[in-house]
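Q: Whatever this is, show me its structure:
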Amino acid sequence: MKILITGASGFIGGFLVKEALRRGYETWAGVRATSSRENLQDERIHFIDLKYNNREALTAQLKDFVREQGAWDYVIHNAGLTKTLDKQNFFRINAENTHNFIEALAAAGCKPKKFLLMSSLSSYGRGDEVNFRPIRLDDPQQPDTAYGKSKLEAENYVRNQSHFPYVILRPTGVYGPGEKDYFMEIKSVKSGFDFAVGFIPQRITFVYVKDLARVAFLALENETILNRHYFVADGDVHTDESFARMIQDIIKKRHVLHARIPLGLVYVACHCSEWIGKLLNKSMTLNTDKYIILKQRNWICDVTPLQEELGFTPEYPLRKGLEESIEWYCKEGWL
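A: So this is what the prediction gives:
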C-alpha cells in the first residue's frame, strides 16, 4: 500500500509519516525543496515536491508520477498555513492549493481510494459561550478568523468534488514533542509565570499528536468510513488554568504567578504585534486573527461520532501526553 502525506515537514506531518512507516506503507512525503527534512531522516521515506500553485504543472507532474510509480492508495492532505503577514495567503495556500490538488489528482488519473483532509475546529467559529454546549458536527459553520474561513473553503472543495471518497478531520489543540505554541506555555510556567487571557476561563480540549496520527489511519483503513467528517480530541475538557497547573505539577515548579490579562490589553498587544510584523516583514505569533482565537471561550467539541464510528479511545490523556512531551523538550535542550 502506498500513501502520500503532504505538509510532511511540519509538526503533525512528521508524526503522520512515522505512523505510516510503522504500519508498513510505502510512504511518500510531500515536502517543498526549501523545507527542512530534519524530522524525516528515515531512509524508507520517498520525497516529492508538488507544484500546488500551478494546476497544469501539477497535473503534468502527477501524470509523470503515475506513469513511473503508479497512483497512491491514500492521500493525506496536511499541507497548510497557520500564520502569515497577508491574510490572503491563507486562502491561496489552504483553499486554492487544495482545489488545485484535488483537480490535478483527478485529471492525472491519480485518484486515491480515499482522500483525507486535515482541517481544524476553527472552521466552525465560536461555540456556545453561555452554557458551553460542545460544538456539534451539525452546527452551522461560521468561522470568524481568516484562517478558519480558509479551512472551511478547503473543506467545501473536498465535499463538493466527486472524484474520490474523502474524510475530513478537525483536530482541536494538537500538542506533542516538537510543537512550538504550547511549548511557549510550558516555558512560561517553568520561568514562574502563567498569563491567561480574559477573566472567564477558556474551556479547551486537546489531542496528542500520536493519537491524531492514529485517528487518521483508522479513518483511512476503515472501508465503511466514506465522505465523513469528525472532530478529533481526547474527550476530556480542561480550562486554561487547569492546563497551566498541570504543567506546573509535572515540572515540579513550586511557585508560579498565575495571572489573567484583560482582553482589552490582549487586543492592543495583538494589533501592535501585527503592525510591528508588517514593518519587519515577519509573521508574528500575536496578530489580529490570533486575538479572535484567544478571545474564544469555548473550544469543546462533541467527539461521540469519532468514538462510535471509528472506535477511537485515546492512548494519551493530557497528563500522559504532557509528561512525554516535556521529557522530550528537556532531552532536546528546549527546556
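Q: For the residue lying closest to Ser188 once chain neighbours are set aside, grab phi and psi.
A: Leaving aside its chain neighbours, Ser188 sits nearest to Asp194 (6.2 Å; criterion: CB to CB, 6 or more residues apart in numbering). No exception for glycine: its C-beta is placed from N, CA and C like everyone else's. Per-residue torsions, Asp194: phi -140, psi 110 (degrees, to the nearest 10).
Q: And for the one 4 residues further on?
A: Gly198 has phi and psi values of phi 80, psi 160 when expressed as degrees, to the nearest 10.
Q: What distance do you get for the residue nearest to it when sequence neighbours are not counted to Leu286?
A: Nearest non-adjacent residue to Gly198, counting by CB to CB, 6+ apart: Leu263, 4.8 Å away. Separation of Leu263 from Leu286 (CB to CB, to the nearest Å) stands at 13 Å.
Q: Which of these two has more residues huddled nearby?
A: A side-by-side neighbour count of Leu263 and Leu286, using other CB atoms under 10 Å, places Leu286 first with 18 against 15.
Q: Make sure I have this right: that one is in a strand.
A: No: counting by DSSP: H, G, I helix; E, B strand; the rest coil, Leu286 is not found in a strand; it is coil.
Q: Report the contact partners of it.
A: 269-270, 273-274 (CB atoms under 8 Å, 6 or more residues apart in numbering).
Q: who wins for most neighbours among the residues you listed?
A: Counting neighbours by other CB under 10 Å, Cys270 comes out on top of these with 22 neighbours.
Q: how many neighbours does the closest residue to His255 other than its chain neighbours have?
A: Nearest non-adjacent residue to His255, counting by CB to CB, 6+ apart: Gly192, 6.3 Å away. Using other CB under 10 Å, Gly192 is surrounded by 12 other residues.
Q: just the one 10 residues further on next, same as before
A: When counting by other CB under 10 Å, one arrives at 21 neighbours for Gln202.
Q: With Glu315 instead?
A: Look at Glu315: counted by other CB under 10 Å, it has 12 neighbours.
Q: helix or strand for it, which one?
A: Assigned by DSSP states H and E, Glu315 belongs to no helix or strand.
Q: now it: how far from Asp128?
A: According to CB to CB, Glu315 and Asp128 sit 30 Å apart.
Q: what do you get for Lys252?
A: Distance from Lys252 to Asp128, by CB to CB: 37 Å.
Q: pLDDT of stretch 318-331, averaged?
A: When pLDDT is averaged over stretch 318-331, the result is 98.
Q: tell me how far it is from the chain's mean position?
A: Put simply, stretch 318-331 sits 19 Å off its chain's centre (CA atoms, centre = their mean, to the nearest Å).
Q: Can you list the buried residues in the longest helix along the chain?
A: Secondary structure of the chain read by DSSP state H shows that its longest helix is helix 263-280. In terms of neighbour count (16 or more other CB atoms under 10 Å), helix 263-280 has its buried residues at 266-267, 269-270, 273-274, 277.
Q: Go through the one helix or strand Ala60 maps to and flag the buried ones.
A: Applying DSSP H and E as the criterion places Ala60 in helix 55-69. For helix 55-69, burial by neighbour count (16+ other CB under 10 Å) applies to 55, 58-59, 61-62, 65.
Q: Ok, stretch 182-196 next?
A: Those would be 182-183, 185-186, 189-190, 194, 196, for stretch 182-196 by 16+ other CB under 10 Å.
Q: of all those residues, which comes closest to Asp236?
A: Ranked by distance to Asp236 (CB to CB), those are led by Tyr182 at 15.5 Å.
Q: can you pull the contacts of the nearest residue in space to the closest one that is not next to it in sequence?
A: Nearest residue to Tyr182 in three dimensions, chain neighbours excluded: Tyr175, at 4.5 Å (CB to CB, 6+ apart). Contact analysis of Tyr175 by CB under 8 Å, 6+ apart lists 182, 206-209, 321-322, 325.
Q: Return the member of those residues nearest to Phe15.
A: Using CB to CB, Val209 is the member of the contacts of Tyr175 that lies nearest Phe15, at 4.7 Å.
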